[in-house]
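**Q** pasted the sequence and its predicted model underneath.
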Amino acid sequence: MYHILVIDDEKAILDVIKIVLSRAGFKVEIALEGQEGIQKFNSGRFDLVITDILMPGLNGRDVVDHIHNSDRPCTPIIGISATPWLFENIQFDAVFTKPFPFEDLVNSIRHLSMQVD
């Protein structure tokens, strides 16, 4: 089963994304901020990470930098944000501006999972 880590400081967004992705057949873990996300990434085995960019403390850019410098630097990362200008100069495999259609997110995950297999 495809294992996804979702990091966002908005609990309501995390809950909705977890429900949608779980119903689509993915195993989903959530983290309420960047530091928790990095800790979960380090201790787990995730096939893909979805992260918000603008979060207090460690932000999405910090999460991306950590993953790219980890022992799993090729882990696909999807960026989500209500501030799309913050996507610039960050290496994401896909990006979504909030709000976005969840069907598009699911399709993007499926597309990225086929590229890795």
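**A** Alright, I've got the coordinates.

**Q** quick check: residue 41 is in a helix.
**A** Yes: counting by DSSP: H, G, I helix; E, B strand; the rest coil, residue 41 is located in a helix.

**Q** quick one: contacts for the nearest residue to it once chain neighbours are set aside?
**A** Residue nearest to residue 41 in three dimensions, not counting chain neighbours: residue 5, with 6.0 Å by CB to CB, 6 or more residues apart in numbering. Heads up, the C-betas are built off the backbone N, CA and C, glycines and all. The neighbourhood of residue 5, defined by CB atoms under 8 Å, 6 or more residues apart in numbering, consists of 28, 29, 30, 31, 37, 40, 41, 44, 46, 48, 49, 50.

**Q** same check on residue 92?
**A** Residue 92 sits next to 64, 77, 78, 79 when contact means CB under 8 Å, 6+ apart.

**Q** likewise residue 25?
**A** 1, 2.

**Q** distance of it relative to residue 46?
**A** Distance, residue 25 to residue 46, by CB to CB, to the nearest Å: 16 Å.

**Q** could you do residue 64 as well?
**A** Counting by CB to CB, the gap from residue 64 to residue 46 is 14 Å.

**Q** so residue 47 versus residue 5, what's the distance?
**A** 9 Å.

**Q** cool, residue 38 as well?
**A** With distances taken as CB to CB, residue 38 is found 10 Å from residue 5.
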